[in-house]
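J.: build me a model from this:
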Amino acid sequence: MIRSYNKHIKISWLTVLLIIISQISYSQDPTKLSLDTTWSFEPISFSMSSMSVEYSFSHSPSIDDTIICDKYNNLINSDPTDKNYSAFYSLACSIWELGKLKEAESMFLKIVDSKKPYYTDNYYHSSDISGDTTTNIYGYGSYTSNYKNYASRYLTKIYLEKQQYKLALKFIELTDKKYVVQQNCGTGYLWYRNEIDGLYSLCYDGLGMYDTIIEKYLPNYADYRNAILVKAIKKKYTQNEIYAYLTKAEISVVCIVDTFQSSSYTTYNYGNEDERTVESKYTSGIATIKLFGKEAILDEPSLENGEVVSREKFLKEFEKSGFYKALIE
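T.: Down below sits the predicted model:
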């Protein structure tokens, strides 16, 4: 068994309770929202190849959502108050998870339009561990939140599902620029930023804003939004033009090799008596490329013990990328 210290984590959302939920129905009281076997939302999900996938989102309903809907069903057609505002928000989220977009839209709009402090204030969430007598004076790992930030993100998704892309763009811009929150942890910031930028990309794609997509996402061509980027490039350029740009791009590559060695460690037979860790030393570097008029940093190739990176190795890695393969198809 080989275990590398260079870990790559892939997150996969599994909706394992849909069958259970589809069997649940609520009281026949006509004032209540019906949550039964009519749930039929198909999640937004795009894939061009295993190496080139768009940002996507989906509904992940659980038994907890049905419990919340049953408990607070009377709030659906009411207004939030200082006594029920938290339950009102939780109900809107659960209704969205269950695919009831009309009701969820109405509730989230009430939150965004509210002038009440419980929906306009920012809330601080400490990273300190409960019961620990020490204090995280730097605030690392802490973050702020506000209800309007969450609600406008949900509204963005609702309008994307309804293909109302101008409204979707309006609400992701409100999320990003007006209802601002702070992440004091690098991982938390990246998760948040990836969601915001991913939702932007779906709005731009729906609106046919291909120049904007190329301008914004080309420098990071290798990330998970590159399917939308490939689509934008193919909309803007002919296949012959794409070939010509790629030829120019490969000529433009500039490689700078490090003046020092880097190291990585691989553990063999992990957990066994003959477990051993081997160090690999190699000389890395950085390479840039001019793609469709924009400069980008090339993905670094994997190097074996004793290897030195080169311009040719960077080019070979680029030509193996899902982005490159999708463009030349």
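
J.: start and end of stretch 273-293, how far apart?
T.: The separation between the terminal residues of stretch 273-293, taken as Cα to Cα, to the nearest Å, is 55 Å.

J.: would you map the helices across this structure?
T.: Chain-ordered helices for the chain, with DSSP state H as the definition, fall at 18-22, 63-71, 85-97, 101-113, 117-120, 147-161, 165-177, 186-207, 210-217, 226-236, 239-251, 311-320, 322-328.

J.: buried ones in the fifth one?
T.: Applying a neighbour-count criterion of 16 or more other Cβ atoms under 10 Å, one finds Y118, Y119 buried in helix 117-120. The C-beta positions use only the backbone N, C-alpha and C, and glycine is treated the same way.

J.: renumber starting at 782 from here on
T.: Done: numbering now begins at 782, and the last item shifts to helix 898-901.

J.: quick check: mean pLDDT of it?
T.: When pLDDT is averaged along helix 898-901, the result is 93.

J.: sorry, back to before: which stretch in the helices of the chain has the least confidence?
T.: The weakest mean pLDDT among these belongs to helix 799-803, with a mean of 36.

J.: if I look at E1085, how far off is N1050?
T.: 20 Å (Cβ to Cβ, to the nearest Å).

J.: more neighbours, the two?
T.: Neighbour tally, E1085 and N1050, criterion other Cβ atoms under 10 Å: the higher count belongs to N1050, 12 against 7.

J.: not counting its neighbours along the chain, what's nearest the more buried one?
T.: For N1050, ignoring the flanking residues on the chain, the nearest one in space by Cβ to Cβ, 6 or more residues apart in numbering is E1056 at 4.9 Å.

J.: which residues touch that neighbour?
T.: If you count contacts by Cβ atoms under 8 Å, 6 or more residues apart in numbering, E1056 has them with T1048, Y1049, N1050.

J.: just the pLDDT at the last one, thanks.
T.: At N1050, the pLDDT value in this model is 88.

J.: give me the neighbour count for G1103.
T.: When neighbours are defined as other Cβ under 10 Å, G1103 has 18 of them.

J.: for the residue nearest the centre of the chain, give its distance to G969.
T.: Nearest to the mean C-alpha position of the chain, counting by Cα atoms, centre = their mean, stands E976 at 3.5 Å. In this structure, E976 and G969 are 11 Å apart, going by Cβ to Cβ.
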